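Student: need coordinates for the following:
(one chain, ligands or ions: 2)
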Amino acid sequence: MTATLIDGKAFAAELRQRIADEVTRLKDRGITPGLAVVLVGEDPASQVYVRSKGKQTVQVGMNSYEHKLPAETSQEELLTLIERLNSDPAVNGILVQLPLPAHLDEAAVINAIDPAKDVDGFHILNVGLLATGQKAMVPCTPLGCLMLLRDQLGELSGKRAVVLGRSNIVGKPMAQLLLRDSATVTIAHSRTTDLPELCRQADILVAAVGRPHFVQADWIKPGATVIDVGINRTETGLVGDVDFAAASQVAGAITPVPGGVGPMTIACLLANTLTATARVNGLPDPEGLTP
Ligand SMILES: NC(=O)C1=CN([C@@H]2O[C@H](COP(=O)(O)OP(=O)(O)OC[C@H]3O[C@@H](n4cnc5c(N)ncnc54)[C@H](OP(=O)(O)O)[C@@H]3O)[C@@H](O)[C@H]2O)C=CC1
Ligand SMILES: Nc1nc(=O)c2c([nH]1)NC[C@@H]1CN(c3ccc(C(=O)N[C@@H](CCC(=O)O)C(=O)O)cc3)C=[N+]21
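Tutor: Ligands and ions are numbered 1, 2, ... in the order given. Have a look, this model is predicted:
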């Protein structure tokens, strides 16, 4: 069997087009959404993402504000910037690129962001709102994965889903979204026993582990839908957490790396910025951009 390729790049391009159309409508009312991205330090991979985010923000007609701070920035300086962005009406979304340098308190920084501008959905208020089924800002990567899964499968209700990874930015919110769609969800991690056997029961397998080619073809239930979140840089280039070549002979549908979840993450960041802008202006949520 050869799996259907889930084209995240094309899906993300369509999503950005819809966002651009909505931005045009907002601009007619005198509203231009603005996204502020804060990068502390000079991590080369982070610089690439931030540049790419800034470019796509402008392409959909939004204002992009980039704040690049030196690696030695103090907690106080960073919090002062966040306070300034919180009270700036031109800024509708704030993203602080993670990971932060070790001397900074990541949780304190995230929780200092106005929850209404928290387009990453990492603030404890948004985490709690999502967990209790209330209107939240939803983390971009899991939201992008959910969109791809719904597009591929239609209905997720009753499906068995296994999420590999329990991070606050991918694994846990992914599990919450799948649960909200009434999938039967198992979260696996480094202490999980009999991982291959567990994965073989999954109709939906989401891999967010951060290890190249970790998921083997014989862990996959024939016909399953496989979402590969992993971004791993190796000598042979960018690879996911799934052994793609072998897995695509077993899976029913699978995302590639690159060109799968990655582009969806950035498109969903713009979607969240649009949603935040609509909400702060008392407008209804834009159609199809929220779970
Ligand atoms: N495409 C995109 O847009 C994005 C991609 N990523 C990528 O996704 C991947 C995961 O990211 P993130 O969640 O931040 O990573 P983390 O390192 O925070 O979490 C990794 C998770 O994988 C688990 N894990 C590690 N080793 C094993 C193992 N041998 N067996 C089972 N579970 C294991 C860890 O378990 P434990 O908790 O027990 O340690 C942990 O829960 C990375 O490759 C990252 O680059 C991340 C964000 C966005
Ligand atoms: N506050 C915060 N929010 C994030 O959402 C966040 C973060 N910090 N820190 C880092 C991770 C990682 N991440 C990616 C975004 C896009 C691609 C992406 O577009 N990838 C392309 C390839 C890009 C390339 O070639 O390097 C693809 O998969 O096709 C990947 C990874 C967001 N993250």
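
Student: by contact count, what packs against the helix or strand Leu149 falls within?
Tutor: Per DSSP states H and E, Leu149 falls inside helix 140-153. Helix 140-153 sits against helix 8-28, helix 171-180, strand 204-207, strand 225-228, helix 261-280, with contacts defined as 3 or more C-beta pairs under 8 Å, 6 or more residues apart in numbering; DSSP states H and E. Backbone N, C-alpha and C define where each C-beta goes, glycine included.

Student: try 7 Å this time
Tutor: helix 8-28, helix 171-180, strand 225-228, helix 261-280 (3 or more C-beta pairs under 7 Å, 6 or more residues apart in numbering; DSSP states H and E).

Student: of all those, which lies closest to Leu143?
Tutor: helix 261-280 (4.5 Å; C-beta to C-beta).

Student: for the closest one, buried residues please.
Tutor: 261-279 (16 or more other C-beta atoms under 10 Å).

Student: surely His189 and Arg166 touch.
Tutor: Yes - taking C-beta atoms under 7 Å as the definition, His189 is a contact partner of Arg166 at 4.6 Å.

Student: once you drop chain neighbours, what's closest to the residue in the chain that ligand 2 sits nearest to?
Tutor: Of all residues in the chain, Gly262 sits closest to ligand 2, at 2.2 Å by C-beta to the nearest ligand atom. Leaving aside its sequence neighbours, Gly262 sits nearest to Ile231 (C-beta to C-beta, 6 or more residues apart in numbering; 6.3 Å).

Student: what's the burial count for the one you found?
Tutor: Residues within reach of Ile231, counting by other C-beta atoms under 10 Å, total 20.

Student: let me see the contact set for it.
Tutor: Leu238, Val257, Gly262 (C-beta atoms under 7 Å, 6 or more residues apart in numbering).

Student: ok, it to ligand 1 distance?
Tutor: 4 Å (C-beta to the nearest ligand atom, to the nearest Å).

Student: any idea how far that residue is from Thr57?
Tutor: Ile231 sits 20 Å away from Thr57, going by C-beta to C-beta, to the nearest Å.

Student: likewise for Val280?
Tutor: On the measure of C-beta to C-beta, Val280 and Thr57 end up 17 Å apart.

Student: next one: Val109
Tutor: For Val109 relative to Thr57 (C-beta to C-beta), the value is 21 Å.

Student: alpha carbons of the helix holding Leu149, in PDB - could you do that?
Tutor: C-alpha atoms of helix 140-153 as PDB (Å, rounded to 0.1, in the frame of the first residue of the first chain):
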ATOM      1  CA  CYS A 140      -0.400  26.700  16.500                       C
ATOM      2  CA  THR A 141       1.200  23.400  15.800                       C
ATOM      3  CA  PRO A 142      -1.600  21.200  17.300                       C
ATOM      4  CA  LEU A 143      -4.200  23.400  15.600                       C
ATOM      5  CA  GLY A 144      -2.500  22.900  12.200                       C
ATOM      6  CA  CYS A 145      -2.400  19.100  12.900                       C
ATOM      7  CA  LEU A 146      -6.100  19.100  13.800                       C
ATOM      8  CA  MET A 147      -7.000  20.900  10.500                       C
ATOM      9  CA  LEU A 148      -5.000  18.400   8.500                       C
ATOM     10  CA  LEU A 149      -6.600  15.400  10.300                       C
ATOM     11  CA  ARG A 150     -10.200  16.700   9.900                       C
ATOM     12  CA  ASP A 151      -9.500  17.400   6.300                       C
ATOM     13  CA  GLN A 152      -8.200  13.900   5.800                       C
ATOM     14  CA  LEU A 153     -10.600  11.900   7.900                       C
END
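
Student: quick check: next helix or strand after that helix?
Tutor: Next helix or strand after helix 140-153 toward the C-terminus (DSSP H and E): strand 160-164.

Student: that following strand - contacts with which helices or strands?
Tutor: Using 3+ C-beta pairs under 7 Å, 6+ apart, strand 160-164 sits against helix 171-180, strand 184-188, strand 204-207.

Student: list the buried residues of the longest one.
Tutor: The one in question is helix 171-180. Neighbour-count burial for helix 171-180 [16+ other C-beta under 10 Å]: Gly171, Lys172, Pro173, Met174, Ala175, Gln176, Leu177, Leu178, Arg180.

Student: which ones are touching the closest residue to the fourth one other than its chain neighbours?
Tutor: If you skip the residues right next to it in sequence, Met174 has Pro142 as its closest partner in space, 4.0 Å away by C-beta to C-beta, 6+ apart. Taking C-beta under 7 Å, 6+ apart, we find Pro142 in contact with Val170, Pro173, Met174, Leu177.

Student: nearest to ligand 1 among the residues you listed?
Tutor: So of those, ranked by how close each gets to ligand 1 (C-beta to the nearest ligand atom), first place is Val170, at 3.8 Å.
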